[in-house]
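Colleague: pasting the sequence and the predicted model now:
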Amino acid sequence: MHKSYEVPAIARAFDVLEYLFRKKEATFTSIHVELGLPKSSAYNILATLEARGYIRRLGQEGNYGLGLRLFELGNVAAARIDIRKEALPFLRELAAKTNQTCHLGVLDETEGVYMEKVESTRPVIMNSWLGKRLSLHSTSIGKTLLAWQNPVKLEQILNKIVLHRYTDKTITEPEELRKHLQIVKEQGYALDNEENEPEIRCVAGPVWDISRGVIAAISISGLTTQMTDERLPELVTELKDATQRLSHYFGSSSRF
């Protein structure tokens, strides 16, 4: 929202909440000094937020910290989010910018599932549809959903899936896949370089939620003649911009 439309008292209250989010806990003095609040304003804001359960006193020292009311509201808001509906505008924008087909995928046990799709305006139609299941080891969305799993969950999944060979470029060795997933995490995106289908290249990145978990992945897909090595950096930049903005929409502060 543009600054001219802000209500000063409400803005200051949010400043306090965001300050406590960053600091975890703080004294009255540090709050009013570091935020530049007059003592009387700081006292009134803190008293109101505490009375409503948005902040609370911690331990014997009485420092301020975030209250459980925020946790309650956050959980309700998260439960009401329709990821397909929220992601669709980002997919449309990404498809328009790149002129490639874009997908939203989520993890379902040992497979990925396409939840949303926006076609490219090019005459090439991708062999994908909503609800289509995809392998985790040979697709960019699948590798993205695997890469950011915690080590225990990752091993559980790898022990269950079969690394089928779809093309001569498919990774079929578990240890090679583990090393590849580490590279995916380090670079912040996954590439399917004709590993699932010949002449098809895809790049995908993670979508984070407020708990800093990866809840979905977004991909850009096209022919290898469209998604060339020279064009790949530009596509990755557009992809990361879209996934970061969508992640922030879901409350994540993660960077990748």
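Modeller: Here it is on my side, so go on. The shown structure was predicted, so the numbers you read here are calculated from the model rather than taken from an experiment.
Colleague: who are the contact partners of Gly205?
Modeller: When contacts are counted by CB atoms under 8 Å, 6 or more residues apart in numbering, Gly205 touches 144, 188-190, 217-219, 236, 239-240, 242-243, 256. From N, CA and C alone the C-beta is placed, and that goes for glycine too.
Colleague: please redo it, this time with the cut-off set to 10 Å
Modeller: 140-141, 144, 184, 187-190, 214, 217-220, 236, 239-244, 246-247, 256 (CB atoms under 10 Å, 6 or more residues apart in numbering).
Colleague: if any of these are buried, put those into a ChimeraX selection.
Modeller: Buried residues among those (16 or more other CB atoms under 10 Å), as a ChimeraX selection:
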select :140,141,144,184,188,189,190,214,217,218,219,220,236,239,240,242,243,244,246,247,256
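Colleague: take the contacts of Gly205 and keep only those in strands.
Modeller: Residues of these located in strands (DSSP state E): Ala190, Val214, Ala217, Ile218, Ser219, Ile220.
Colleague: now this protein, which segments are flagged as low pLDDT?
Modeller: Residues of the chain that meet the criterion pLDDT under 70 lie in 1-5, 75-81, 123-126, 129, 253-256.
Colleague: let me see the domain layout of it.
Modeller: Annotated domains of the chain cover 3-77, 81-249 [automatic domain parsing].
Colleague: need the winner for burial among those.
Modeller: Among the domains of the chain, domain 81-249 has the highest mean neighbour count (mean count of other CB atoms under 10 Å), at a mean of 18.
Colleague: so how far is that one off the chain centroid?
Modeller: The chain centroid and the centroid of domain 81-249 are separated by 12 Å under CA atoms, centre = their mean, to the nearest Å.
Colleague: when you give positions from now on, start the count at 705
Modeller: Sure thing, new numbering starts at 705, so read that last one as domain 785-953.
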